[in-house]
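>>> Here is a sequence with its predicted model. Questions after.
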Amino acid sequence: MTEAVEKLTKKNEDPSKWYLQLVRMAKLADYGPVRGTFAIRPYGFEIWERIQRDLDDRFKATGHKNAYFPLLIPESYLKKEAEHVEGFDPELAWVTIGGREELEERLAIRPTSESIICDFYKNWIQSYRDLPLLINQWCNVLRWEKVTRPFLRTSEFLWQEGHTVHATAEEARAETLQMLNVYQDCFHEAMSIPVLTGMKSPSERFAGAVETFTCEALMGDGRALQAATSHDLGQNFAKAFDITFLDENQDRVYPYQTSWGFSTRVIGGLILVHGDDRGLKLPPKLAPTQAVIVPIWRGNNKGEVRREAETLFDELKDAGLRMEADLDEEHSPGWKFNEHELRGVPVRVELGPKDIEKGQAVLVRRDTGEKEFVARKELPARLNELMGEIQENMLRQAAAFRHENTRQAESYGEFKEIIAEKRGFVVAPWDGTEETEQKIKEDTKATIRLLPFERQEGKDLVSGKPGKTAVFARAY
RNA sequence: CGGGACGUGGCGCAGUCUGGUAGCGCACUCGGCUGGGGGCCGAGUGGUCGCCGGUUCAAAUCCGGCCGUCCCGACCA
């Protein structure tokens, strides 16, 4: 329940230190013994479970089923798709010994499951009647990362990976975009995180994909986070893994595939987007505790206040709110206020002798700090209403921040200045060449986060050649 | 992987230069008083100093190797 009384570093003073302290102080995660491994603690995991449920419902609503595939992937499978293995090779962890015997073929711990899943799909798909195949997997993956950070980049992480197979290229593309929208809806509606959607440049494309689409979010420190991706794999994997089917014309043809993923990284996004100097700030839809009752008592009225708090707790719980009553007698109200703000609980309900006398309670919003006095019998309705208001306001606040930190650059000088001094998203035309993309990266550390769906003509700031809109930023 | 800093009870740190057998604050336990923004007093529990090896009568302290963490850079679906 309690944690060391340490002052949380100010968010803009040292964002990195702030982030790491918050992760630990709010009991979201804890370091493991192997580099880049972390335990997700119950409070953090409960947030993940709610995100997971929201997304999973959306997958089911769009016709997908869940399944589970093996953790270990034979080396030969990974090698079948050339670009794929090249992309992942540097980050693989290998199993070379089983029991006490050296294995004939070493086995990779999955960094992603395209290759092993394709091997199954090869047998599962024979006819056009077997398509589309719409499967999702919730699992862990392992990538031997050099620089890790809780949630944002961990060696092992939890995610979902969707793997679908379609008869036509059009269908596969439609699926890719549909899932991109599913992600966007989850970010906006459940997480109150506004995201930009668009296409990756070829250099940022998933290894083996024909086209990669992305959801990009802007963090509070002005850096971008790739929050989810959806890939159109074309026939690349089908050809590599020999997945074929007989179509209506009795021709044996290769199908078209997609894959799409979303990971525990988004918890890091949640912290960075909404968190402030007081700590975490959770959107009501994801908060393990939506409102916490803090009783204010004195020695002589402790019993009465406690009884009132317990009654109120039951009432609000029955009204459908995820409640907590902090009846701990060790800590002062002030201590509890700080603690629950650190944990990001959306609303605090203060109940003291004066409130009981007046038949009211004090509500304090975590997102704005606003205080309101509400009559006891109106509390359930008001609190439920507040949850919606806070959920929406958090999205609005984050969207306003993104708006303020999205800038057009008219010249390369201006571009460099914005990235160096203000960060955020910079919108500028790009000539489509890897050379200019690379130069910008070398000069400014900014990369193309995405190519929007609607792009305007203009002149590339570096080359002066004709180009179209791209969104740049420094990324996590 | 390169440059830098660091690793001492759960957390933050002192002690390391000048070897002599571990200390402070917070947390935790017990008792009492308190309680509308991180309360107070008293009494306690807990570590052999990241790991391995070396030097020495003696190592948290000196030397070597390894592991890990943080920052910067490279890499990163």
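Yes, it's here.
>>> How confident is the prediction for the closest residue to RNA strand B within the stretch 201-350 of chain A, by pLDDT?
Of all residues in the stretch 201-350 of chain A, A:Gly334 sits closest to RNA strand B, with a separation of 2.3 Å (C-beta to the nearest atom of the strand). Placement of C-beta: from N, CA and C, glycine included. With respect to pLDDT, A:Gly334 has a value of 94.
>>> Helix or strand: which one has it?
Per DSSP states H and E: A:Gly334 is located in helix A:333-342.
>>> Between helix A:333-342 and the very next helix or strand once past that helix, find me the angle.
Per DSSP H and E, helix A:333-342 leads on to strand A:347-351 as the next helix or strand towards the C-terminus. Between strand A:347-351 and helix A:333-342, the angle comes out at 160 degrees (axes from the mean of the first three to the mean of the last three C-alpha atoms, to 10 degrees).
>>> Given strand A:347-351, what are its sheet partners and their directions?
strand A:291-295 (parallel), strand A:360-365 (antiparallel) (DSSP bridges).
>>> Please see if it touches RNA strand B.
Yes - judged by C-beta under 7 Å from any atom of the strand, strand A:347-351 and RNA strand B are in contact via A:348, A:350-351.
>>> and that strand, C-alpha only, in CSV?
Only the C-alpha atoms of strand A:347-351 are listed here, as CSV (Å, rounded to 0.1, in the frame of the first residue of the first chain):
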residue,chain,number,x,y,z
VAL,A,347,-11.7,11.0,-9.1
ARG,A,348,-11.2,11.4,-5.4
VAL,A,349,-14.3,11.4,-3.1
GLU,A,350,-13.6,13.2,0.2
LEU,A,351,-16.0,12.4,3.0
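>>> How far does it sit from its chain's centre?
Per C-alpha atoms, centre = their mean, to the nearest Å, the displacement of strand A:347-351 from the mean C-alpha position of its chain is 29 Å.
>>> what about A:Asn140, which SS state?
Using DSSP: H, G, I helix; E, B strand; the rest coil, the structure places A:Asn140 in strand.
>>> That one and A:Gln160 touch, don't they?
No - if you go by C-beta atoms under 8 Å, A:Asn140 and A:Gln160 don't touch, sitting 10.8 Å apart.
>>> Between these two, which is the more surrounded one?
Neighbours were counted for A:Asn140 and for A:Gln160 using other C-beta atoms under 10 Å; A:Gln160 has more, 19 against 13.
>>> So what does that one look like in phi/psi?
Torsion angles at A:Gln160 (phi, psi; degrees, to the nearest 10) stand at phi -120, psi 140.
>>> Can you give me the neighbour number for the closest residue to it other than its chain neighbours?
Residue nearest to A:Gln160 in three dimensions, not counting chain neighbours: A:Trp138, with 4.9 Å by C-beta to C-beta, 6 or more residues apart in numbering. Residues lying near A:Trp138 (other C-beta under 10 Å) number 15.
>>> give me every residue that touches A:Trp138.
Residues in contact with A:Trp138 (C-beta atoms under 8 Å, 6 or more residues apart in numbering) are A:52, A:56, A:66, A:158-160.
>>> Let me see the ranges of the helices in the stretch 101-250 of chain A.
A:114-124, A:169-189, A:236-241 (DSSP state H, counting those that start in this stretch).
>>> Of all those, which one comes closest to RNA strand B?
Here helix A:114-124 is closest among the helices of the stretch 101-250 of chain A (C-beta to the nearest atom of the strand), at 10.0 Å.
>>> any weak-confidence spans in the stretch 151-300 of chain A?
Counting by pLDDT under 70, not a single residue of the stretch 151-300 of chain A qualifies.
>>> Mind listing what's buried along stretch A:409-428?
A:409, A:412, A:415-416, A:418-419, A:423-428 (16 or more other C-beta atoms under 10 Å).
>>> Give me the subset of those residues lying in strands.
A:425-428 (DSSP state E).
>>> Around A:Glu435, how many other residues sit close by?
Around A:Glu435 there are 10 residues (other C-beta under 10 Å).
>>> Excluding sequence neighbours, find me the nearest residue to it.
Closest to A:Glu435 by C-beta to C-beta, 6+ apart is A:Ser463, at 7.5 Å.
>>> How about the residues of the stretch 101-250 of chain A by RNA strand B?
Checking the stretch 101-250 of chain A against RNA strand B by C-beta under 7 Å from any atom of the strand, the hits are A:112, A:143, A:145-150, A:153, A:200, A:204-207, A:209, A:212, A:229, A:231.
>>> my guess is A:Tyr256 contacts A:Ala172, does it?
Yes - when contacts are counted by C-beta under 8 Å, A:Tyr256 is listed as touching A:Ala172 (3.6 Å).
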